[in-house]
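> Quick one, fold the following:
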Amino acid sequence: MEHLYLVCYDIRDDKRWRRLYKAMKGYGEWLQLSVFQCRLDRIRRLRMEETLRTIVNQDEDHVLIMDLGPAEGVQMKVQSLGKEYRVVERRPVIV
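Residues are numbered from 1 along each chain as shown. The predicted model follows:
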């Protein structure tokens, strides 16, 4: 059974941030700067966590994985304040 997860991260180092972003693209849909939406079964979730553990610096970085429940029963509703929310595939830009 798949669950829907919201994964948010704060990575201090640009190189680690890019590695984590690329890794997350294999697990879910990019929503905005450091936020992904993922539909994962138990095995894929465990694989994702292990992948993230190999990238994250335990003393500097922070990753939140929020389980929103069974994917088939969750209707994602996005409320946007400010700029209009649109799902657009973009590459991150680090300045």
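> In what element of secondary structure is the residue of the chain positioned farthest from its centre found?
Seen from the C-alpha centroid of the chain, the residue lying at the greatest distance (Cα atoms, centre = their mean) is Gly82, 21.6 Å away. Following DSSP states H and E, one finds Gly82 outside all helices and strands.
> For the protein, which segments count as helices?
Using DSSP state H, the helices found in the chain span residues 14-25, 42-55.
> Number of residues surrounding Glu50?
Neighbourhood size, Glu50 [other Cβ atoms under 10 Å]: 9. To be clear about C-beta, it is placed using only N, CA and C from the backbone, and glycine gets the same treatment.
> what's the distance between it and Ile43?
Glu50 sits 11 Å away from Ile43, going by Cβ to Cβ, to the nearest Å.
> looking at the helices of the chain, which is closest to Tyr5?
Of all the helices of the chain, it is helix 42-55 that lies closest to Tyr5, at 6.9 Å by Cβ to Cβ.
> Now do the buried residues in the closest one.
In terms of neighbour count (16 or more other Cβ atoms under 10 Å), helix 42-55 has its buried residues at 44-45, 48, 51-52, 55.
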